[in-house]
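Visitor: What follows is a predicted protein model with its sequence.
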Amino acid sequence: MKIAITVMLLFPLLQTDNDVSAQDTSVASERYEERADHDPNGIGKFYMGREIAHVMGYLGAPWLERDTREEEERLTLLVKSLKLKPGDIVADIGAGSGVISVLMAEQVLPNGYVIGVDVQDEMLLRLQDNARQKGVTNIVPIKGSQKAPSLAPRSIDLAIMVDVYHEFEFPYEMMMEISKAMKPGGRIVLVEYRMEDPTVPIKLVHKMSQKQAKAEVEQTGFNMEWTETIDVLPRQHILVFTKQNEPNSAP
Ligand SMILES: C[S@@+](CC[C@H](N)C(=O)[O-])C[C@H]1O[C@@H](n2cnc3c(N)ncnc32)[C@H](O)[C@@H]1O
């Protein structure tokens, strides 16, 4: 009930018409390359030399919620390292069943909230159930599309993607929309399994190197600059990018 009320209150903040699918289709088709010879765990579509992974289906939710995840991925430490503040507006993009959303929601109380974005209704329903069971009332579930997360311009303090970015089917379009949704000085955080470390036990298309992630996010037009990599997790990079002032805007 409280979630429903929050959604209604937030309605003016949410953008409904920000899908970029109609824009610039010829450039978009050059941006991606289809290859017949590819990793079976990927979709055969390449972006800046990297193969995009399959989206994890909602049947994978129990794996996201597994008991051993805290030990393997140190989620509590991850959230602590973000240094969230009371009142922050956080977008958990590719929130899945809400494991990270729930941990972050407590950190932004009393006035802040987490927008949990996902493309799968089943994940969003599970996220709401999990939040309800834990008594968390400051998470707003939002259905996104493959190309846009449906967030209002300049509304977000921190947007985080945990084990998500490598499976975006349209990473360029998603990053363009996410960067528009950031407040000036807002942070985009990618949490990705370390490609540089062959001992990390995850399939290759689910890993990313720092070099690749920086090249993809620091593109002209996104206005995002890499500011730090927080190296505290056993398996993943925490890459932090900060929204720069718009060209021609006051400092
Ligand atoms: C591996 S799961 C990670 C879930 C969650 N971040 C976690 O760590 O528990 C990836 C999630 O990203 C979602 N996803 C994939 N592409 C997306 C997109 N373009 N926009 C929003 N969510 C997306 C999938 O539906 C899936 O729930």
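Guide: Arrived safely.
Visitor: Could you list the residues of the stretch 1-150 of the chain in contact with the ligand?
Guide: Proximity of the stretch 1-150 of the chain to the ligand, by C-beta under 6 Å from any ligand atom, involves residues 55-56, 64, 93-96, 99-100, 117-120, 123, 144, 146, 149. (Glycine included, C-beta is placed from N, CA and C.)
Visitor: What is the neighbour count of the closest residue to residue 230 other than its chain neighbours?
Guide: Leaving aside its chain neighbours, residue 230 sits nearest to residue 238 (4.0 Å; criterion: C-beta to C-beta, 6 or more residues apart in numbering). By other C-beta atoms under 10 Å, the residues close to residue 238 number 20.
Visitor: and stretch 90-110, what's its mean pLDDT?
Guide: Taken as a whole, stretch 90-110 has a mean pLDDT of 98.
Visitor: so how far does it reach from one end to the other?
Guide: 13 Å (C-alpha to C-alpha, to the nearest Å).
Visitor: for the stretch 101-250 of the chain, what spans make up the helices?
Guide: All helices of the stretch 101-250 of the chain, identified by DSSP state H, counting those that start in this stretch, fall at 121-133, 171-181, 210-217.
Visitor: contacts for the last one?
Guide: Contacts made with helix 210-217 from outside it, assessed by C-beta atoms under 8 Å, 6 or more residues apart in numbering, are listed as 47-50, 165, 171, 175, 188, 190, 192, 195-196, 224, 226, 229, 237, 239, 241.
Visitor: Let's see stretch 60-80 as CSV, backbone CA atoms only.
Guide: C-alpha atoms of stretch 60-80 as CSV (Å, rounded to 0.1, in the frame of the first residue of the first chain):
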residue,chain,number,x,y,z
GLY,A,60,17.4,-17.2,-11.9
ALA,A,61,16.1,-15.1,-9.0
PRO,A,62,16.8,-17.9,-6.3
TRP,A,63,20.5,-17.7,-7.4
LEU,A,64,20.5,-14.0,-6.8
GLU,A,65,19.1,-14.6,-3.4
ARG,A,66,21.4,-17.6,-2.5
ASP,A,67,22.7,-17.8,1.1
THR,A,68,26.4,-17.9,-0.1
ARG,A,69,26.1,-14.6,-2.0
GLU,A,70,27.1,-12.4,0.9
GLU,A,71,30.3,-14.4,1.4
GLU,A,72,31.1,-14.6,-2.3
GLU,A,73,30.2,-11.0,-3.3
ARG,A,74,30.3,-9.1,0.0
LEU,A,75,27.1,-7.2,-0.7
THR,A,76,27.0,-5.4,2.6
LEU,A,77,30.6,-4.1,2.0
LEU,A,78,29.6,-3.1,-1.5
VAL,A,79,26.7,-1.0,-0.2
LYS,A,80,28.8,0.5,2.6
